[in-house]
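[1] return a 3D structure for these sequence lines:
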Amino acid sequence: MARGFDLPRIARPASISADTSLDAHEAQIHAYRRMGGAARVALMFRLSESTRRWTTAGIRRRHPHYDFQLRLALARMTLGDDLVRRVWPDFELLDP
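    Have a look, this model is predicted:
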(Lines give C-alpha, C1' and ligand atoms only; values in the text may rest on other atoms or scores of the structure.)
Protein backbone atom coordinates (compact mmCIF):
# COMPACT_ATOMS: atom_id res chain seq x y z
CA MET A 1 0.00 0.00 0.00
CA ALA A 2 1.19 3.46 -0.85
CA ARG A 3 1.83 6.21 1.67
CA GLY A 4 -0.49 4.89 4.35
CA PHE A 5 -3.67 4.91 2.30
CA ASP A 6 -5.99 2.02 3.03
CA LEU A 7 -6.54 1.17 -0.63
CA PRO A 8 -5.00 -2.07 -1.85
CA ARG A 9 -2.62 -1.82 -4.81
CA ILE A 10 -4.31 -3.14 -7.92
CA ALA A 11 -3.49 -3.36 -11.56
CA ARG A 12 -4.14 -0.08 -13.34
CA PRO A 13 -7.95 0.24 -13.68
CA ALA A 14 -9.24 1.35 -17.06
CA SER A 15 -10.99 4.29 -15.35
CA ILE A 16 -7.67 5.98 -14.51
CA SER A 17 -6.39 8.40 -17.12
CA ALA A 18 -3.09 7.41 -18.71
CA ASP A 19 -1.44 10.55 -17.33
CA THR A 20 -2.51 9.86 -13.71
CA SER A 21 -0.29 7.87 -11.39
CA LEU A 22 -1.76 5.23 -9.10
CA ASP A 23 -0.57 7.31 -6.12
CA ALA A 24 -2.46 10.35 -7.42
CA HIS A 25 -5.55 8.24 -8.07
CA GLU A 26 -5.45 6.78 -4.57
CA ALA A 27 -5.02 10.26 -3.06
CA GLN A 28 -8.06 11.47 -5.01
CA ILE A 29 -10.20 8.53 -3.85
CA HIS A 30 -9.06 9.12 -0.28
CA ALA A 31 -10.06 12.81 -0.58
CA TYR A 32 -13.49 11.86 -1.96
CA ARG A 33 -14.02 9.49 0.97
CA ARG A 34 -13.22 12.28 3.45
CA MET A 35 -15.83 14.55 1.84
CA GLY A 36 -19.39 14.36 3.05
CA GLY A 37 -22.14 13.22 0.74
CA ALA A 38 -23.39 16.76 0.12
CA ALA A 39 -19.90 17.92 -0.85
CA ARG A 40 -19.50 15.02 -3.29
CA VAL A 41 -22.88 15.80 -4.89
CA ALA A 42 -21.96 19.50 -5.17
CA LEU A 43 -18.63 18.54 -6.77
CA MET A 44 -20.43 16.25 -9.22
CA PHE A 45 -22.73 19.10 -10.28
CA ARG A 46 -19.78 21.49 -10.71
CA LEU A 47 -17.87 18.93 -12.79
CA SER A 48 -20.96 18.20 -14.91
CA GLU A 49 -21.51 21.91 -15.57
CA SER A 50 -17.85 22.39 -16.41
CA THR A 51 -17.97 19.47 -18.84
CA ARG A 52 -21.09 20.92 -20.47
CA ARG A 53 -19.38 24.30 -20.89
CA TRP A 54 -16.23 22.77 -22.41
CA THR A 55 -18.30 20.60 -24.75
CA THR A 56 -20.43 23.57 -25.81
CA ALA A 57 -17.30 25.64 -26.43
CA GLY A 58 -15.91 22.86 -28.63
CA ILE A 59 -19.12 22.68 -30.67
CA ARG A 60 -19.17 26.48 -31.00
CA ARG A 61 -15.53 26.49 -32.15
CA ARG A 62 -16.21 23.83 -34.80
CA HIS A 63 -19.55 25.34 -35.89
CA PRO A 64 -19.55 29.11 -35.24
CA HIS A 65 -22.69 29.50 -37.36
CA TYR A 66 -24.79 27.32 -35.02
CA ASP A 67 -27.45 29.19 -33.04
CA PHE A 68 -30.32 26.98 -31.82
CA GLN A 69 -28.42 24.15 -33.50
CA LEU A 70 -25.82 24.37 -30.73
CA ARG A 71 -28.33 22.94 -28.25
CA LEU A 72 -29.30 20.17 -30.65
CA ALA A 73 -25.66 19.23 -31.22
CA LEU A 74 -25.02 19.18 -27.46
CA ALA A 75 -28.16 17.08 -26.94
CA ARG A 76 -26.93 14.63 -29.57
CA MET A 77 -23.61 14.25 -27.77
CA THR A 78 -25.15 13.83 -24.33
CA LEU A 79 -28.44 12.06 -25.03
CA GLY A 80 -27.69 10.06 -28.16
CA ASP A 81 -29.23 9.96 -31.60
CA ASP A 82 -32.32 7.89 -30.74
CA LEU A 83 -33.54 10.20 -27.98
CA VAL A 84 -32.76 13.35 -29.98
CA ARG A 85 -34.76 11.99 -32.92
CA ARG A 86 -37.71 11.24 -30.61
CA VAL A 87 -37.63 14.63 -28.87
CA TRP A 88 -36.95 16.73 -31.99
CA PRO A 89 -38.32 14.65 -34.87
CA ASP A 90 -38.55 17.66 -37.21
CA PHE A 91 -34.84 18.52 -36.96
CA GLU A 92 -31.96 16.81 -38.72
CA LEU A 93 -29.12 15.37 -36.68
CA LEU A 94 -26.30 17.90 -36.57
CA ASP A 95 -22.58 17.30 -36.35
CA PRO A 96 -21.41 18.13 -32.84
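[2] what sits against the residue sitting nearest the centre point of the chain?
    The chain has Thr51 as the residue nearest its centroid, 5.3 Å off, counting by Cα atoms, centre = their mean. Under the criterion of Cβ atoms under 8 Å, 6 or more residues apart in numbering, the contact list for Thr51 is empty. Heads up, the C-betas are built off the backbone N, CA and C, glycines and all.
[3] nearest residue to Gly85 in space, please, no chain neighbours.
    Just to correct that, residue 85 is Arg rather than Gly. Spatial nearest neighbour of Arg85, excluding adjacent residues (Cβ to Cβ, 6 or more residues apart in numbering): Leu93 at 7.2 Å.
[4] what's the burial count for the one you found?
    13 (other Cβ atoms under 10 Å).
[5] name the SS class of it, please.
    Using DSSP: H, G, I helix; E, B strand; the rest coil, the secondary structure recorded for Leu93 is coil.
[6] am I right that it is in contact with Met77?
    No: with the criterion set as Cβ atoms under 8 Å, Leu93 and Met77 do not qualify as a contacting pair; they are 11.0 Å apart.
[7] next one: the helix or strand of the chain with the lowest mean pLDDT to chain centre, how far?
    Lowest on mean pLDDT, DSSP states H and E among the helices and strands of the chain sits helix 22-34, with a mean of 89. On the basis of Cα atoms, centre = their mean, to the nearest Å, helix 22-34 is displaced by 18 Å from the centre of the chain it belongs to.
[8] same thing with stretch 64-77?
    Relative to its parent chain, stretch 64-77 has a centroid offset of 18 Å by Cα atoms, centre = their mean.
[9] who are the packing partners of the least confident helix or strand of the chain?
    Identification of packing neighbours for helix 22-34 by 3 or more Cβ pairs under 8 Å, 6 or more residues apart in numbering; DSSP states H and E yields no helix or strand.
[10] right, I'll call it a day here.
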